[in-house]
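Novice: what follows is a predicted structure for the sequence shown.
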Amino acid sequence: MSGKYLVTGGAGYVGSVVAQHLLEAGHEVVVLDNLTTGFREGVPAGASFVEGDIRDAAKWLDSSFDGVLHFAAFSQVGESVVKPEKYWDNNVAGTMALLAAMREAGVRKLVFSSTAATYGEPEQVPIVESAPTSPTNPYGASKLAVDHMISGEAAAHGLGAVSLRYFNVAGAYGEYGERHDPESHLIPLVLQVAQGRRDAISVFGDDYPTPDGTCVRDYIHVADLAEAHLLALDAATTGEHLICNLGNGNGFSVREVIETVRRVTGHPIPEVVAPRRGGDPAVLVASAATAREKLGWNPSRADLDGIVTDAWDFAQRRDN
Ligand SMILES: NC(=O)c1ccc[n+]([C@@H]2O[C@H](COP(=O)([O-])OP(=O)(O)OC[C@H]3O[C@@H](n4cnc5c(N)ncnc54)[C@H](O)[C@@H]3O)[C@@H](O)[C@H]2O)c1
Ligand SMILES: O=c1ccn([C@@H]2O[C@H](COP(=O)(O)OP(=O)(O)O[C@H]3O[C@H](CO)[C@@H](O)[C@H](O)[C@H]3O)[C@@H](O)[C@H]2O)c(=O)[nH]1
């Protein structure tokens, strides 16, 4: 059944891809984004756009909405270590205002972008949702605080919510791909080296307790991720808060990612070892068994070469 959804952060990377999937599924989409890290052209044609802050969501939210997909946040691990207050303010206080606006408007369905960063350094991999949550950076702590807030909202006020804990999102879908300014994420940065826009990629630490000494992450295609959001809207149940990891269960080190980009692009990628970045866990790899079981999620784009190929196509189509 088609519905009407508010997509906060829908001018950003993940939000724009999910908004596009919602439109393709026949839903009505209103994007609310203040364009702090997003881009107006990231809002898919066919979606309405409101330039505004989630703290003011009450101005636009009313009972005609069937639910909210909440992407708007600051999301850089390294920055959060040096500017934690920015993360508490936007991610936590901002979401508190959004939840109040939803309560006021009687909108009782939420899909929230949570993160692998809520777990911190895992005791066991792959990580299951019942694993201890002990974030190693303020970004992860802010997202964990929101997850707790949402649990309370579901129990006390009948919200039906799904938190999707993304591992490392990558790749592109149609016109929409990863674009941060300045770029901070590994795959788009390595692709910038392939394009000659950067001299070399810095490897943040090669003395981690991993096979090649560099950090290991679980890279998930943004289109597989988007499909989980549509399934989550169906699964959201009044009074319940479901938490699902989204990843492929395969870990790749920073050096393996760089090697994959060399293979896919055919470009030599110079690398230099740099100091560790603050707040980085050594290994983050998901068990997505809950998403498969509870959402019926079946990701089909797990191959890292394919993910990098899509990101490379997108990077080459962009003019800046
Ligand atoms: N990219 C990843 O690998 C990854 C992994 C785990 C979780 N996440 C989460 O997914 C979400 C989307 O990430 P992304 O990579 O697309 O980031 P992004 O920066 O591209 O998108 C975030 C969007 O939110 C908007 N925004 C931020 N604060 C706002 C506010 N107060 N009001 C209105 N709009 C606001 C920004 O302008 C931007 O368009 C974030 O919540 C992030 O924490 C991302
Ligand atoms: O120039 C660079 C950039 C990154 N890295 C490393 O590459 C890995 C991946 O980094 P990045 O692409 O910045 O992603 P993460 O820091 O792992 O964080 C992403 O993935 C998390 C979930 O795992 C999400 O919570 C975050 O929002 C999202 O940015 C990390 O070990 C970084 O230290 C480098 O070595 N050099």
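Specialist: The structure has been received and is ready for your questions. Ligands and ions are numbered 1, 2, ... in the order given.
Novice: spit out the contact partners of the residue of the chain most remote from its centre.
Specialist: Each residue of the chain has a distance to the centre, and by CA atoms, centre = their mean the biggest one is for P268: 29.0 Å. Neighbouring residues of P268 by CB atoms under 8 Å, 6 or more residues apart in numbering: R262. For the C-beta atoms, the positions are set from N, CA and C on the backbone; glycine is no exception.
Novice: chain center to stretch 227-246, what's the gap?
Specialist: Distance, stretch centre to chain centre, for stretch 227-246: 15 Å (CA atoms, centre = their mean, to the nearest Å).
Novice: could you pull out the buried residues of that stretch?
Specialist: Of the residues in stretch 227-246, those with enough neighbours to count as buried (16 or more other CB atoms under 10 Å) are 227-233, 235-236, 241-246.
Novice: quick one, helices of the protein?
Specialist: Per DSSP state H, the chain carries helices over the ranges 13-24, 77-82, 84-87, 94-105, 138-157, 186-194, 222-235, 254-265, 289-290, 304-317.
Novice: now render those helices as CSV, adding distance to ligand 1 and mean pLDDT.
Specialist: Shown next, in CSV, are the helices of the chain (distance: least, CB to the nearest ligand atom, whole Å; pLDDT from 0 to 100):
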stretch, distance to ligand 1, mean pLDDT
helix 13-24, 3, 98
helix 77-82, 10, 94
helix 84-87, 10, 98
helix 94-105, 5, 98
helix 138-157, 6, 98
helix 186-194, 10, 97
helix 222-235, 8, 98
helix 254-265, 13, 98
helix 289-290, 16, 98
helix 304-317, 12, 97
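Novice: mind checking which of the ones you listed is nearest V203?
Specialist: helix 254-265 (5.4 Å; CB to CB).
Novice: buried residues in that closest one, which are they?
Specialist: So, applying 16+ other CB under 10 Å, buried residues of helix 254-265: V254, R255, E256, V257, I258, E259, T260, V261, R262, V264, T265.
Novice: gap between the closest residue to V146 other than its chain neighbours and V285?
Specialist: Among residues not flanking V146 along the chain, T95 sits closest, at 4.8 Å (CB to CB, 6 or more residues apart in numbering). Using CB to CB, to the nearest Å, T95 is found at 27 Å from V285.
Novice: more crowded one of these two?
Specialist: Taking other CB atoms under 10 Å, T95 and V285 do not tie; T95 has more neighbours (26 against 20).
Novice: residues touching the more buried one, list them.
Specialist: For T95, the contact set (CB under 8 Å, 6+ apart) comprises I54, H70, A73, F112, V146, M149.
Novice: which of those residues has the most neighbours?
Specialist: When neighbours are counted by other CB under 10 Å, H70 leads the contacts of T95 with 28 neighbours.
Novice: I'd like to check which residues are in contact with that one.
Specialist: Counting by CB under 8 Å, 6+ apart, H70 has contacts T8, G9, I54, T95, L98, L110, V111, F112, S113.
Novice: let's see 10 Å
Specialist: For H70, the contacting residues are 6-9, 15, 32, 54, 57, 94-95, 98-99, 102, 110-114, 146, 150, 161, 163, by CB atoms under 10 Å, 6 or more residues apart in numbering.
Novice: swap in T210?
Specialist: Counted by CB under 10 Å, 6+ apart, T210 has contacts V216, G251, S253, V254, R255, A282, V283.
Novice: just name the closest of the contacts of T95 to L22, please.
Specialist: H70 (13.5 Å).
Novice: around ligand 2, pick out the residues from this structure.
Specialist: Contact residues, the chain versus ligand 2 (CB under 6 Å from any ligand atom): 75, 77, 115-117, 167-168, 184-186, 189, 201-204, 215, 217, 254, 277, 280, 284.
Novice: circling back to that earlier point, filter the contacts of T210 down to the ones in strands?
Specialist: V216, S253, V283 (DSSP state E).
Novice: ok, of these, which one's closest to P138?
Specialist: Nearest to P138 among those: V283, at 20.2 Å, using CB to CB.
Novice: against ligand 1, how distant is the closest one?
Specialist: Per CB to the nearest ligand atom, to the nearest Å, V283 is found 16 Å from ligand 1.
Novice: excluding its backbone neighbours, what's nearest G160?
Specialist: A236 (3.9 Å).
Novice: the one you found: what's it in contact with?
Specialist: By CB under 10 Å, 6+ apart, the contact set of A236 is G67, R108, K109, L110, V111, A154, L159, G160, A161, V162, L242.
Novice: tell me which residues form a beta bridge with the nearest residue to the last one once chain neighbours are set aside?
Specialist: Right, L242. Excluding its sequence neighbours, the residue lying closest to L242 (CB to CB, 6+ apart) is V162, at 4.8 Å. Beta-bridge pairing for V162 (DSSP bridges): V111, L242.
Novice: could you find the closest non-adjacent residue to S151?
Specialist: H241 (4.6 Å).
Novice: so the one you found makes contact with A155?
Specialist: Yes: with contact defined as CB atoms under 10 Å, H241 counts as touching A155 (7.7 Å).
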